[in-house]
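Student: Model the structure of this input:
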Amino acid sequence: MGAWLRTANTSNPGVFMTENARIMVIDDDQAICEFLNDALTDEGFSVAITYSGLAALAIIDEFNPNLILLDMLMPKMDGQQFLEISRARYPSIPIIGCSASRSVEKRARLLGAADFLEKPFNLETLFICINHHLQ
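Tutor: Residues are numbered from 1 along each chain as shown. Reported below is the predicted structural model:
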């Protein structure tokens, strides 16, 4: 699947809102992407959804994200490969690694992930983490 962009059309600042922040979600699970898109846009973020690291690299310059949520275990280009490439090209963008497998956390942090969330995570934890890295 490719990538699509949806910009929030409300100005609901919410507790954890950083105005005009752009968040890229990279995950091969469409249900997770839809859930995160709805949650993030409800908080007023602009969101780009991609289903692979390759698709994310194709739109990252155009979308210019302030933060990336990255699934670490995906087919084709996994989160580790994406981290290696993106840290070299975009060192200032915070990347939050996510996975149901906690065993990849150490590797994600070694490759430059700013943080790591174990799936499933709750929205409060996600928004606290996002807010911390956008300050």
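
Student: Okay, the closest residue to residue 72 other than its chain neighbours and residue 38: tell me how far apart.
Tutor: Once flanking residues are discounted, residue 72 sits nearest to residue 79: 3.5 Å by C-beta to C-beta, 6 or more residues apart in numbering. Placement of C-beta: from N, CA and C, glycine included. Residue 79 sits 22 Å away from residue 38, taking C-beta to C-beta, to the nearest Å as the criterion.

Student: do residue 74 as well
Tutor: Taken as C-beta to C-beta, the span from residue 74 to residue 38 is 21 Å.

Student: swap in residue 72?
Tutor: Per C-beta to C-beta, residue 72 is found 22 Å from residue 38.

Student: and if you look at residue 111?
Tutor: From residue 111 over to residue 38 (counting by C-beta to C-beta), the distance is 29 Å.

Student: Those two: who's more crowded?
Tutor: Set residue 111 next to residue 38 and count neighbours by other C-beta atoms under 10 Å: residue 111 wins out with 19 against 12.

Student: How are the strands of the protein distributed by residue range?
Tutor: Listed in chain order, the strands of the chain (DSSP state E) span residues 3-6, 22-26, 46-50, 67-71, 95-99, 115-118.

Student: Now the last one - C-alpha only, PDB.
Tutor: Output for strand 115-118, consisting of C-alpha atoms alone and laid out as PDB, is shown next (Å, rounded to 0.1, in the frame of the first residue of the first chain):
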ATOM      1  CA  ASP A 115      11.900   6.400  22.600                       C
ATOM      2  CA  PHE A 116      10.100   3.100  22.500                       C
ATOM      3  CA  LEU A 117       6.500   2.000  23.200                       C
ATOM      4  CA  GLU A 118       5.500  -1.600  23.600                       C
END
